[in-house]
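1. Sequence and predicted model, in that order:
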Amino acid sequence: MVILPVVACFAFSTQTHAQLSPPPDGGYPNFNTAEGEDALFGNSVFAGIGNTAGGWRSLFSNSTGNYNTGWGAGTLVLNNADSNTAVGAAALLLNTDSTLNTAVGTDALVFCGLTPGSGADFNVAVGAFALFNNTSGFSNNAYGESALSSNIHGAENTAVGDLALEFNDADGAGTANFNTAVGANALAGYPGGNMSGNSNNAVGANALSSNTTGSFNQAMGVNALILNGTGTDNVAIGDSAASNLTSGNNNVVIGTDAGQNIVTGSDNIYIRAGSTGFTDESGTIRVGSPFNVFSCFIAGITGVPVTGDTVVVDTNGQLGVPTAGSPLSASELTKTHQVVQELRATTEKQAARIALQEGQIQTLIAALKQQAEQIQRVSAQLELSKAAPQTVVNDQ
């Protein structure tokens, strides 16, 4: 691969072009500058504007491209596009029509824009072999020796550090996009390369360096998520945080050396340096290190009435799931819960019975009132009957 650019350059020796007149020795019309054997060789009619070529066959084929700068042997040899900058032997060597690329370093962006119409624009490569294989990827930024060197079609990736994102998109699928790696070997993609992982962020030497297909991972710290290959949606902050995780998902690990027991587990939350379990696990929240005893205070809880089920802590410090030896064992809690439920059911039945009885009593009271009123009416009639005078009829 390294020899190819040199061979490609020699292939141009059989082509026939009109020599610049006078021979290259400085400035030419339309603000062009050329210095070196066959530099700006194709711009004999000076159709291109504002180009600067320095070195053997720098900007050799450029005839109409504008505002390009090639400084070094073989830089921008095939270029006929605008606003590209190449500094270093064979930098942007094979670019044809891609624009606004910057390559600084030996063999930087060598294959960029090899195929006309590829759209490999807006790339920045600083460092030997940086973005070496990029052919159609766009808006990539690589700073460091061999950074993003295997990237072919991946877009909008940023690599800062030697070998950062080295094997990104090595299979050429074009699915490894939106990755950011800051640090030597960060997201390098060992051993198979970051083939299709996207939207990953790695800050720190070797962070996410084994990632192949995992996406949406956040690693900050030296060796953070160093072995993760296929896991997704993981967050690791701290040197060596979750450093043994390989394929687990949705883990949040904060603290130096935290979560080193997690290998394939998912949905864990670990907080504090050294916070770790003793086996691989899933769905676990751990705050603090098991090797240090400390007090726990949570504001806003003291004095709040308990209206739900009782929460206890067992001898292992596990909250809410007691075991034997804790203030209440699991069986005792179950029995207590059953008793509470029975009492609640009994209370509800009694309340319903009382409500029924209250209704019956109200009905009885109304009936009694009605009977009392009838008795009073009858009594009044009897009194009237007693008070009326009696007449005796004499037949004689």
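-> Great, that's in hand.
2. Please make it C-alpha for all contacts and neighbour counts, starting now.
-> Fine.
3. can you map out the helices along the stretch 51-200 of the chain?
-> In the stretch 51-200 of the chain, no helices are defined using DSSP state H, counting those that start in this stretch.
4. ok, which stretches of it are strands?
-> 52-54, 69-71, 85-87, 102-104, 124-126, 141-143, 158-160, 180-182 (DSSP state E, counting those that start in this stretch).
5. got TSV for those, with mean neighbour count and mean pLDDT too?
-> Below are these laid out as TSV (neighbours: other Cα atoms under 10 Å; pLDDT from 0 to 100):
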stretch	mean neighbour count	mean pLDDT
strand 52-54	27	95
strand 69-71	29	98
strand 85-87	27	98
strand 102-104	28	97
strand 124-126	27	97
strand 141-143	27	97
strand 158-160	27	96
strand 180-182	27	96
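6. how far out from the middle of the chain is stretch 221-234?
-> Between the centre of stretch 221-234 and the centre of its chain there are 11 Å (Cα atoms, centre = their mean, to the nearest Å).
7. Below-threshold pLDDT in the chain: ranges please.
-> Along the chain, the model assigns pLDDT under 70 to residues 1-26, 191-193, 293-294, 302-306, 308-310, 314-317, 320-337, 387-396.
8. Can you give me the domain boundaries for it?
-> As assigned by automatic domain parsing, the chain contains the domains 1-116, 140-294, 306-334.
9. Single out the most deeply packed of those domains.
-> Greatest average neighbour count among those goes to domain 140-294 (a mean of 24), per mean count of other Cα atoms under 10 Å.
10. Show me how far that domain is from its chain's centre.
-> The chain centroid and the centroid of domain 140-294 are separated by 10 Å, computed with Cα atoms, centre = their mean.
11. Quick one: closest of the domains of the chain to Gln350.
-> Gln350 lies closest to domain 306-334 among these, at 21.7 Å (Cα to Cα).
12. if I look at Thr213, how far off is Gly229?
-> Going from Thr213 to Gly229 by Cα to Cα, to the nearest Å gives 6 Å.
13. Over to Asn179?
-> Separation of Asn179 from Gly229 (Cα to Cα) stands at 15 Å.
14. again, but for Asn123
-> In terms of Cα to Cα, Asn123 sits 27 Å off from Gly229.
15. Surely Leu109 and Ala130 touch.
-> Yes - here Leu109 lies in contact with Ala130, judged by Cα atoms under 8 Å, at a distance of 6.4 Å.
16. quick one: contacts for the residue lying closest to Leu165 once chain neighbours are set aside?
-> Of all residues not flanking Leu165 in the chain, Ala188 sits nearest, at 4.1 Å (Cα to Cα, 6 or more residues apart in numbering). By Cα atoms under 8 Å, 6 or more residues apart in numbering, the contact list for Ala188 reads 163-168, 194, 206, 208-211.
17. Please apply the same query to Ala173.
-> With contact taken as Cα under 8 Å, 6+ apart, Ala173 is in contact with 153-154, 195-196.
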